[in-house]
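Colleague: Model the structure of this input:
(2 chains)
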Amino acid sequence: MITERGFVVVFAGVLLLTSGFAFSNYYLTVLGVYLIVGLVVTLPLFATTANISGIEVDRNVDKVKVFSGDFLRIRVTIRNKSRRHFDFIEVWDRYPETWILAIGENFMASRIEPGSSITFSYILQAKNRGRYYLGPTEVVMRDRLGLHYYTRTLEAETEILVYPTWKDVRRMESLGKQRQLGLMFGAHRTRVVGMGTDFAGFRAYTPGDAFRKIDWKTSAKRGNLMVKQYEMEKNVQIVCMIDTSGSMGNGYPDNTKLEYAIRAAVLLTYMGLERKDLIGTCVFSDIVHSYIRPSLKPNHMYDVLEALAMAEPTGWSDYENAVSHVIEKTRKRTLFIFLTDLEESPAPLLNAMKTVVANGHRAQVISPFGPWFEAPVGQFGPVEKVLAEAVSEELWERRKKIARALARFGIEVVNVGPEDFLPTIIRQYNLAKQRGVALF
Amino acid sequence: MKAVTWVLRVLSFVMFLIMAYTVYSFLSGYWDWDAPYIFIVTVFRLLSFVVFFVAVLIVNGLAAIFTGGQSLNSLLSGLYNTLILRMWYLQPYAISNPVTDVNEVFISFVGNVISMAFQVYESAFTFLYFLFAALGIAFFLQSLVRMEHKYVGGAFLSIQAILIVAAFRELSFYENLVFETDFILFVTSPLQILVLVSFAYLEISYQMIYSDSVGKPVEEREDTLKKQLLALRTATRKQDAIERGEAVSHSAMSRTTGATAFSFLREAIERKVVGSKSALENLDAVSDVRRLQIFVDELLDGDPNAKNELTARAAAPSKGYVVLSTVMGSAIRFLAVIALSFLLMSPNIFVQLLSLPPGIENSVELLQPEIVLLFLVPTTLTFVFLAMIISWITKREEAIRLSGEEEKTLKEKSEGEIKRKREEAAKARRAREKARKKGREDGEDEWDRALEETYKR
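Modeller: Okay, here's the model as predicted:
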C-alpha cells in the first residue's frame, strides 16, 4: 500500500514527467522518472519483508477479573520471530471505549530487529461491569521513508470480567471506621436468649432451671436465687432476586435500575457475609440466568459478583419460573428480596409470591420506580413534562394496586429511587435481622 | 539516535546546498537581483494606474449629475495630489509630477497598460526564481528543525520549481541536455548530477526524519510518563492538603504541564476534584486519584521493570542497526534507481534487444523524451504487480486468540445453554398453566380470591 506521502511523490513525479514532455525538457523528464522509479523500486522488497507472520504479539494482564473502577496494568510484548528487521512498526493495542487510559500509552512505534522483542505497558481503569475484551492489536508497518505501509490486525483478545463496583462497600467500611454509620448502618444482631455461649444477663430462678446455671454470687447479693442467661445468635437466610428484564436497563448507562439493583445486591451480600448470614443471589428475566445458593464459602462473594457482572437487561420477567427454580433448591426458610421494577403484568408476580409464601418463605419487594431513574423531568419541555407526569401517575397507580395485593400476603413493597436504593436495602436487611425473619 | 540524526542533518544540509548551488549555476546570468524590486514596483504601478482610472471615472460620473455634465478636473487633481499622492504615493504611470490635468493620464492609457503588463511578464520569471528560492530555503530550514516530510518535500519542489518555471522561457542551457546512451556519460552529465543530487537530498532528508522518528516515540513516551506521574503526585498532595485544611495554591505549571497531562486526571479536574475544597464532596473521584497513586506506587515498588515497560525504554532501536540499514538501504535504492532510469531513458538498449521494425527503430520518436513512457509504464507497473503478488502470498491472518473452532464451540455452548433454559422455562410455564386450569375446575383457592378482590376495588 502506498501512503499519502507516497502519492505526493507519485504526483510530483508525474508533474515533472509531463512538464518534461510539454517543454521537451530532459531534465524534468529524468527527475520525474527518478521519483516514480524511486517510489516503486523498493515496493516488492517491502512486501517481502513486511510479512506479519514473523511478528508475534503477547498481551499480559495482571488479573482477568477486576472490579469496576479498578486499575489494571496491560503489558504488550511484540516479538520479531522472523529473520528480517522491520524498519518502522507501529502497534496500537485497543481497549474498550468506556474504559479510561490512566497512565502510559496504548501505542508504541519503533524499529524491531530479528529475534528481538519490545515490551510496553499501560494502565487502564476498568469502567462499567460486564465482560470486555482487550484487543485486537493493530500493527502498522512502514518503510523507512514512509512511502509504503501495511496494516494488519492481530485478533488477539484478552477477556476481562469486570465485577460491579466495590465503591459502595468501601464507602460503607470507610463510614464505619469513622463511626458515622448513623441511621443507615446499624448492625443489629438477632438474639435468641436461651442456648448459646454469649452471656446475656441474669434472671430469677424458676423451678426446672438447671442448678449449674445458678450464679451463687449474684444470688447472695440479691438474696434470691438468680440464674445466668446466655444468648444464641441466629442468622437469616436471604435470596436476592434480581430482575434483569429489558425494562430494568432503561436510562443512562450508569443510572439504570439494574445497575442500582446490582449494587444493592453486592452490598447486601457483603453485609450478610460479614454477619455470617446466608445470602444467595438469583439473576433472572424470562429464564434464570444464574442462581448462587446462599452460602458462607470463602469464594461466595466472588461467585455472586461473577453472576452479577454478566447480568444484561434483556427479555421479560418470569417471576414464577425464577421462584420455582430457587424454591426447588432451597430447603430452609428464606427471605426473598425481589429487586424488580414491577413493570410486567401483575398476575405472574402474584402467583410467584403465592408460591413463596405457600412454601413457608417470606418475601418483600424493593422496587425501583422507573421515572425516577430515567430522564430527569427538568430536562423536558412543557409537553413532555405533562406526558411524563401522566405516565408516572399511571405507573404509580398500577404499583399501588400491586402493593395492595401483595400486602394481603404480608409482602411489603418499598418504592425506591436512585438516592435511597442502597440505604433501603440496608434498612430492610437490618429490619429482617431485628425481626428475626427467616432464621435458620 | 540523536547522533545519527545529526549526522544525517548535516548531510541533508550539504545536499541541499549542492542542489541549490547547481540550480543557481544552471541559471547563471538569469539571476537579475533587481528583478524582484522591478516586479513589485511595476505591479504596484499597474494597480495604481487602474485604481486612478476607475476612481476618476466614478467621481466624474457622479459629479456630472450635479454639474450638468461638466467634469471636476481641478477639484479631482487637487484631491488626488493632496490625499492619494502625498499619503500613499500612488503615482499614475508616466506621470512624474503632481497631476495637473486628469486627462493627461488617459492620453496614452492603453499603450501604458500594455507596456506595464509586458514589463510584469518579463520580470515575473526572475521574480518567481527568487520567490521559489526563498520558499525552498524557508522549507529547508523548517525541515531541519521540525523533521517533517512536508517541509522536505516543499524544499525539494520549490527548488525544482525554479527549473520548471525556467523551462517556460526556453533557456539556452536546456538545449544541451539530452539522454546519453553511454552509462558513464549518462551519470556524469550535468543534468544527471543535478538529478542525482536532488534525489540524494530527498533520500537523505527522509532518512534523517526516519532516524528522528524511530527514536522519538520512546523519548516522548518517557516524557509523557514523567508528566503523568508528576501530575498524579501533585494532585494527591493537593488532596492531602485540602483534607488537612491547608490553603492550596494553583500554579500555572500544574495546570499546563501537570493537569492536562493525561485524560484521567483532566477528567478529575473537570469534576472539580483536584485543588478545590468542594472536591471532598466528590468522594469517588478523589478516591480514584488516590487509588491510582497507590496502584502506581505499588507497581513501581513491586516490579523493577515496571517503569521501563511503561516508558518502553527497551524499545529504543540500536544506533548500529539504524546506521547500517540506512547506508545499505540508501545505497541499494540509489543504485537501483540510477540503473533503472538509465535503462528506461536509453531506448537504444531496448531497441537492440527487441529488434524493432526499421520504421520504429529509425523513427524520430525514439529521440523524444516521451519515449521514456514506452518502458516506464510497464516497468513501474511490474514492480507494483510484483509487490501485490508477494503481499497476497505472504498475507496471513494471525489468530492468536482462540482459534476459530474453539471459539465457535464456546459460543455454541453458551447459546445452547440459553436455549435449553428457555425450553425448560416454557415447559414449566405450560405445566403451571395446566395445573392452574385444573385448580379452577376443582374450585378457586383463597389466593386467587384475594387477587380478584384486590383488582375489583
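Colleague: gap between B:Asp240 and A:Pro294?
Modeller: Spatial separation of B:Asp240 from A:Pro294 under the definition Cβ to Cβ, to the nearest Å is 43 Å. Yep, even glycine has a C-beta here, placed from its N, CA and C like the rest.
Colleague: again, but for A:Ser121
Modeller: Between A:Ser121 and A:Pro294 the distance, using Cβ to Cβ, works out to 41 Å.
Colleague: More neighbours: which of those two?
Modeller: Taking A:Ser121 and A:Pro294 together and counting by other Cβ atoms under 10 Å in any protein chain shown, A:Ser121 has the greater number of neighbours (28 against 24).
Colleague: Which residues are in contact with the more buried one?
Modeller: Taking Cβ atoms under 8 Å, 6 or more residues apart in numbering or on different chains, we find A:Ser121 in contact with A:73-76, A:104, B:306, B:309-310, B:312.
Colleague: Please apply the same query to B:Leu343.
Modeller: Contacts for B:Leu343 were tallied using Cβ under 8 Å, 6+ apart; they are B:349-350, B:375.
Colleague: Give me the phi and psi angles of A:Tyr149.
Modeller: Geometry field for A:Tyr149 lists phi and psi as phi -150, psi 160, criterion degrees, to the nearest 10.
Colleague: Pull out the buried residues from the helix or strand harbouring A:Lys401.
Modeller: A:Lys401 belongs to helix A:382-407 when assigned by DSSP states H and E. Buried residues in helix A:382-407, defined by neighbour count with 16 or more other Cβ atoms under 10 Å in any protein chain shown: A:388, A:395, A:399, A:402-403, A:405-406.
Colleague: pretty sure A:Thr151 is in a strand, no?
Modeller: Yes: under DSSP: H, G, I helix; E, B strand; the rest coil, A:Thr151 sits within a strand.
Colleague: So it versus A:Asp303, what's the distance?
Modeller: Noted for A:Thr151: a distance of 42 Å to A:Asp303, by Cβ to Cβ.
Colleague: The two: who's more crowded?
Modeller: Here A:Thr151 and A:Asp303 are compared on neighbour count by other Cβ under 10 Å; more neighbours surround A:Asp303, at 17 against 14.
Colleague: For the more buried one, which non-adjacent residue is spatially closest?
Modeller: A:Ile292 (4.8 Å; Cβ to Cβ, 6 or more residues apart in numbering or on different chains).
Colleague: sorry, back to before: can the helix holding A:Lys401 be found next to chain B?
Modeller: Yes: taking Cβ under 8 Å from any Cβ of the partner chain as the criterion, helix A:382-407 and chain B are in contact, through A:401, A:404-405.
Colleague: out of those, who's nearest chain B?
Modeller: Of all the residues of helix A:382-407 next to chain B, chain B sits closest to A:Ala405, with 3.9 Å by Cβ to the nearest Cβ.
Colleague: Report pLDDT for that closest one.
Modeller: Here the pLDDT value assigned to A:Ala405 is 88.
Colleague: Isn't it up against A:Leu342?
Modeller: No: the pair formed by A:Ala405 and A:Leu342 falls short of the contact definition of Cβ atoms under 8 Å, at 11.0 Å.
Colleague: Can you tell me the centre-most residue of chain A?
Modeller: A:Arg129 (2.4 Å; Cα atoms, centre = their mean).
Colleague: Just want the phi and psi numbers for the nearest residue to A:Asp215 once chain neighbours are set aside.
Modeller: Residue nearest to A:Asp215 in three dimensions, not counting chain neighbours: A:Lys228, with 4.9 Å by Cβ to Cβ, 6+ apart. Dihedral angles phi and psi of A:Lys228 (degrees, to the nearest 10) take the values phi -80, psi 140.
Colleague: give me the residue from the stretch 151-300 of chain A nearest chain B.
Modeller: For the stretch 151-300 of chain A and chain B, the shortest gap (Cβ to the nearest Cβ) falls at A:Ala156, measuring 3.6 Å.
Colleague: how far away is that residue from A:Phe107?
Modeller: In terms of Cβ to Cβ, A:Ala156 sits 16 Å off from A:Phe107.
Colleague: And those two? Which one has more around it.
Modeller: The neighbour comparison of A:Ala156 against A:Phe107 (other Cβ under 10 Å) goes to A:Ala156, with 21 against 17.
Colleague: which SS class is the more buried one?
Modeller: coil.
Colleague: Mind checking the pLDDT average for stretch B:434-454?
Modeller: 63.
Colleague: Just list the residues touching the spatially closest residue to A:Leu161 that is not a sequence neighbour, thanks.
Modeller: Setting aside the residues directly before and after it, A:Leu161 is nearest to A:Lys65 in space (Cβ to Cβ, 6+ apart), at 4.7 Å. Contacts for A:Lys65 were tallied using Cβ under 8 Å, 6+ apart; they are A:160-163, A:302, A:306.
Colleague: Farthest pair within the residues you listed?
Modeller: Based on Cβ to Cβ, the longest span within those runs between A:Ile160 and A:Tyr302 and measures 14.9 Å.
Colleague: okay, those two: which has more neighbours?
Modeller: Between A:Ile160 and A:Tyr302, counting by other Cβ under 10 Å, A:Ile160 is the more crowded of the two (22 against 14).
Colleague: Identify the bridge partners of A:Val239.
Modeller: A:Val239 forms beta bridges with A:Gly280, A:Phe336, as assigned by DSSP bridges.
Colleague: Isn't it up against A:Ile337?
Modeller: Yes: A contact is recorded between A:Val239 and A:Ile337 when judged using Cβ under 8 Å, the distance being 7.3 Å.
Colleague: So those two - more neighbours on which side?
Modeller: A direct count of neighbours by other Cβ under 10 Å for A:Val239 and A:Ile337 places A:Val239 higher, at 28 against 24.
Colleague: Return the residues in contact with the more buried one.
Modeller: A:279-282, A:294, A:326, A:330, A:334-337.
Colleague: Flag whichever of those residues scores worst on pLDDT.
Modeller: pLDDT across the contacts of A:Val239 is lowest for A:Thr330, at 86.
Colleague: Please name the spatially closest residue to A:Ser116 (chain neighbours excluded).
Modeller: For A:Ser116, ignoring the flanking residues on the chain, the nearest one in space by Cβ to Cβ, 6+ apart is A:Asn80 at 5.9 Å.
Colleague: ok, that neighbour touching A:Ser110?
Modeller: No: applying Cβ under 8 Å, one finds A:Asn80 not in contact with A:Ser110, separated by 10.8 Å.
Colleague: Who has more neighbours out of the two?
Modeller: When A:Asn80 and A:Ser110 are compared for neighbours, A:Ser110 comes out ahead with 25 against 20, by other Cβ under 10 Å.
Colleague: Can you give me the pLDDT of the residue positioned nearest the centre of chain B?
Modeller: Nearest to the geometric centre of chain B sits B:Lys150, at 6.0 Å (Cα atoms, centre = their mean). At B:Lys150, the model reports a pLDDT of 88.
Colleague: That one and B:Ile209, how far apart?
Modeller: For B:Lys150 relative to B:Ile209 (Cβ to Cβ), the value is 10 Å.
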